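1. Give me the fold of what follows.
(one chain, ligands or ions: 1)
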Amino acid sequence: MTVELAKDLGLSEVYGAFVDNQFKPVKGAVFHATAAATGEHLADIARCGGEDVEAAVLAAERAFPDWKSLQPEQRAAYLHKLADAIESAASRLMMIDTLDIGRGLWETGIDYSIAASQYRYFAAAIVTHEGFGRPIPNGYLVAKREPYGVCGQIIPWNVPAIMAALKIAPAVAAGNTVVIKPDENASLSTLELCKLVAQIFPPGVINVVPGFGEEAGAALTAHPRVAKLAFTGSSEIGRIVSVAGANRLVPVSLELGGKSPNIVFPDVDPVDVDAIVDNVTFASMYCNGQSCLAGTRLFLHDAIYDDFMSKLVASMKRIRIANPTDAGPLLGCLISPKQGRRVQEYIAIGKSQASLVTGGERAVVAGCDAGWFFEPTVFETSNESRLAQEEIFGPVLSVIRWNDYERLIHDANDVRYGLAAGLYTTNMAKALETADRLQAGNVWINNYFNLANGSPFGGFKESGIGSEFCRETLNMYTHLKAITMQGRVNPAWFAPVH
Ligand code: ADP
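-> I've put the predicted structure just below:
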């Protein structure tokens, strides 16, 4: 990266932990933020450990009483200001993410509009997040919702703007303060978000500790003053975070992996087929397949299989593989060489165990020599295969032919995950029956990724615990306190009887 572009983007040369609205001076080790496509150095970032986490948690703890005491309307006003600031800075922030992660600008731009709307959604929702009350003999019961205190939140690299918003917005709206650990592959935009936070929020409400999972992440999950943990990432690390929470008996919410089915019924209207093909393509290739929600198992009915498949192949071949900083829809590169090699291994497994339909090769993009670009890749396979069972996190779609409805339901559910599912049919009765029988937290009928603000987003089975994106999330970030009131003091038990 040229020094000029780094300056244009307003990047700092080095970022420390963000505590009490300030970046701490960096004394220890750093790691490098590099552009995914070109390998160019973007910035140095502090590799935080126990000491930084301690400082951040204590700052969050100090900020908690005053933050909690604000009226919901006052906290909401802060969130609206943050949303305004994100919208104003979006073109800069989306470029930072595009460089850092390798996803196209058209995608990271959408990330920021979703992120801003999350802050606004929870600003609105907290104002009507009421407890409840009821009369009891000679008095009243009031059940109020109280924030936990300091929340430790750990996020992955695929959609940093959305991930930060999904964690910060509900927690802070509900009166908690937070310490967030961004992913070591994609910390830059969360650290840049801190510069906006510093202009808006009281010190200590939002703190960020960049670093590695086993260091900053583990220190955060083990910290005795962290009252609630929230994690998004792989099911493997989710298990570790869950154990850390269990050891300290604090609640843990988890958004984990997925291997979602996308089901095409034979009765689809022929005029809709192109749109369905586009949905299937988008479901599997959005975010380069690096999304827990990706529709990576396509169940395609026998009766329409060949025609649909040839359209799907044409759709995959139409996708432009390009420099992520180009405009318009495109497939950028994967986040890192490590992820690239992982996807390459799965493609090799596919070539030996399944039937390759299209793609399957690394692609070269001029000027992006460090990037791991892949052709959109489609295999025909069975649901039992490793390709269909394991989360690949790359542009790889497994297609499974079906003709028996009961077998379809069995296979669609026969994975360890249960995050999302898509289905396409003109038979609404069948659609509703299928939606009921699918083990998934989100079922999208006739449109994939149909996530609106307020739509619960959470997984069944090994895809997670809890729901984000919705009012219910505020319950995840608060606990109930019951307070009873009596007009007179009544004798309790052993008082003498007169
Ligand atoms: P992905 O598979 O999406 O890369 P991971 O589950 O590996 O996701 O990582 C998600 C987040 O969890 C990252 O911020 C990472 O640093 C963090 N992490 C990894 N290991 C641990 C751990 N042992 N304790 C806490 N956080 C961790």
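2. Relative to the ligand, which residue of the stretch 351-498 of the chain is the closest?
-> Using C-beta to the nearest ligand atom, residue 393 is the residue of the stretch 351-498 of the chain that sits closest to the ligand, at 6.7 Å. Glycine gets a C-beta too; all of them are placed from N, C-alpha and C.
3. got any ranges where the chain has weak pLDDT?
-> 1-6 (pLDDT under 70).
4. For the nearest residue to the residue of the stretch 351-498 of the chain closest to the ligand once chain neighbours are set aside, give me its contacts.
-> Counting by C-beta to C-beta, 6 or more residues apart in numbering, residue 290 is the residue found nearest to residue 393 once chain neighbours are left out, at 4.9 Å. The contact partners of residue 290, by C-beta atoms under 8 Å, 6 or more residues apart in numbering, come to 103, 158, 334-335, 339, 393-394.
5. tell me which residues of the longest helix along the chain are tucked away?
-> Ordering each helix of the chain by length in residues (DSSP state H) puts helix 72-101 first. Using 16 or more other C-beta atoms under 10 Å as the test for burial, helix 72-101 gives 72, 75-76, 78-79, 81-83, 85-87, 89-90, 93-101.
6. which strands and helices sit next to it?
-> Applying 3 or more C-beta pairs under 8 Å, 6 or more residues apart in numbering; DSSP states H and E, one finds that helix 72-101 contacts helix 105-127, helix 160-173, helix 188-200.
7. Which among these is found nearest to the ligand?
-> Nearest of the helices and strands packed on helix 72-101 (C-beta to the nearest ligand atom): helix 160-173, 9.2 Å.
8. Toward the C-terminus, what is the element adjacent to the closest one?
-> Per DSSP states H and E, the first helix or strand lying C-terminal to helix 160-173 is strand 177-181.
9. which residues touch that next one?
-> For strand 177-181, the external contacting residues (C-beta under 8 Å, 6+ apart) are 48, 53, 56-57, 60-61, 63-64, 67, 149-155, 164, 167-168, 171-172, 190, 204-211, 213, 216-217, 220, 226.
10. Could you pull out the strands in the stretch 351-498 of the chain for me?
-> 355-358, 362-363, 373-374, 377-380, 396-402, 417-418, 420-424, 442-445, 460-461, 464-465, 478-486 (DSSP state E, counting those that start in this stretch).
11. how about CSV for the ones you listed, with mean neighbour count added?
-> What follows is these, written out as CSV (neighbours: other C-beta atoms under 10 Å):
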stretch, mean neighbour count
strand 355-358, 15
strand 362-363, 15
strand 373-374, 24
strand 377-380, 25
strand 396-402, 23
strand 417-418, 24
strand 420-424, 26
strand 442-445, 22
strand 460-461, 17
strand 464-465, 22
strand 478-486, 12
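12. ok, for the residue most central in space within the chain, nearest residue in space, not its chain neighbours?
-> By C-alpha atoms, centre = their mean, the mean C-alpha position of the chain lies nearest to residue 163, the distance being 4.5 Å. Sequence neighbours aside, residue 155 is the residue nearest to residue 163 in space, at 3.9 Å (criterion: C-beta to C-beta, 6+ apart).
13. Kindly report the same for residue 94.
-> Distances taken as C-beta to C-beta, 6+ apart place residue 108 nearest to residue 94, at 4.0 Å, with adjacent residues excluded.
14. tell me the contacts of the one you found?
-> Taking C-beta under 8 Å, 6+ apart as the test, what residue 108 contacts is 93-95, 97-98, 101, 161.
15. Could you single out the nearest of those to the ligand?
-> Of the contacts of residue 108, the one sitting nearest to the ligand (C-beta to the nearest ligand atom) turns out to be residue 101, at 11.7 Å.
16. Touching, the closest one and residue 186? I think so.
-> Yes. Residue 101 is within contact range of residue 186, at 5.2 Å (criterion: C-beta atoms under 8 Å).
17. quick one: common contacting residues for the two?
-> 157-158, 160, 335.
18. Any chance of CSV for those residues, columns distance to residue 29?
-> Shown next, in CSV, are these (distance: C-beta to C-beta, whole Å):
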residue, distance to residue 29
157, 20
158, 25
160, 22
335, 22
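19. Return the member of these nearest to residue 304.
-> Among these, residue 158 lies closest to residue 304 (C-beta to C-beta), at 31.9 Å.
20. And the closest residue in space to that closest one that isn't next to it in sequence, its phi and psi?
-> Distances taken as C-beta to C-beta, 6+ apart place residue 290 nearest to residue 158, at 4.6 Å, with adjacent residues excluded. Residue 290 adopts backbone torsions of phi -90, psi 60, taken as degrees, to the nearest 10.
21. now residue 290: how far from residue 145?
-> 35 Å (C-beta to C-beta, to the nearest Å).
22. Could you report the neighbour count for the closest residue in space to residue 327 that isn't next to it in sequence?
-> Using C-beta to C-beta, 6+ apart and skipping residues adjacent in sequence, the residue nearest residue 327 is residue 105, 6.4 Å away. For residue 105, the neighbour count with other C-beta atoms under 10 Å is 21.
23. and if you look at residue 229?
-> Residue 229 has 23 nearby residues by other C-beta under 10 Å.
24. Likewise for residue 224?
-> Counted with other C-beta under 10 Å, residue 224 comes out at 8.
25. what's it in contact with, if anything?
-> residue 248.
26. Give me the phi and psi for it.
-> phi -70, psi -20.
27. repeat for residue 263
-> Residue torsions, per degrees, to the nearest 10, at residue 263 are phi -110, psi 130.
28. List the contacts of it.
-> 299, 402, 408, 412, 421-424, 434.
29. wait, which of those is closest to residue 330?
-> Using C-beta to C-beta, the contacts of residue 263 come closest to residue 330 at residue 422, 22.7 Å.
30. Contact partners for that closest one?
-> Per C-beta under 8 Å, 6+ apart, neighbours of residue 422: 260-263, 279, 283, 295, 443-445, 447-448.
31. ok, now residue 228?
-> Contacts of residue 228 (C-beta under 8 Å, 6+ apart): 148-152, 171, 176, 250-253, 477.
32. Quick check: chain neighbours aside, which residue is closest to it?
-> Residue 228 sits nearest to residue 148 (C-beta to C-beta, 6+ apart), 4.2 Å away.
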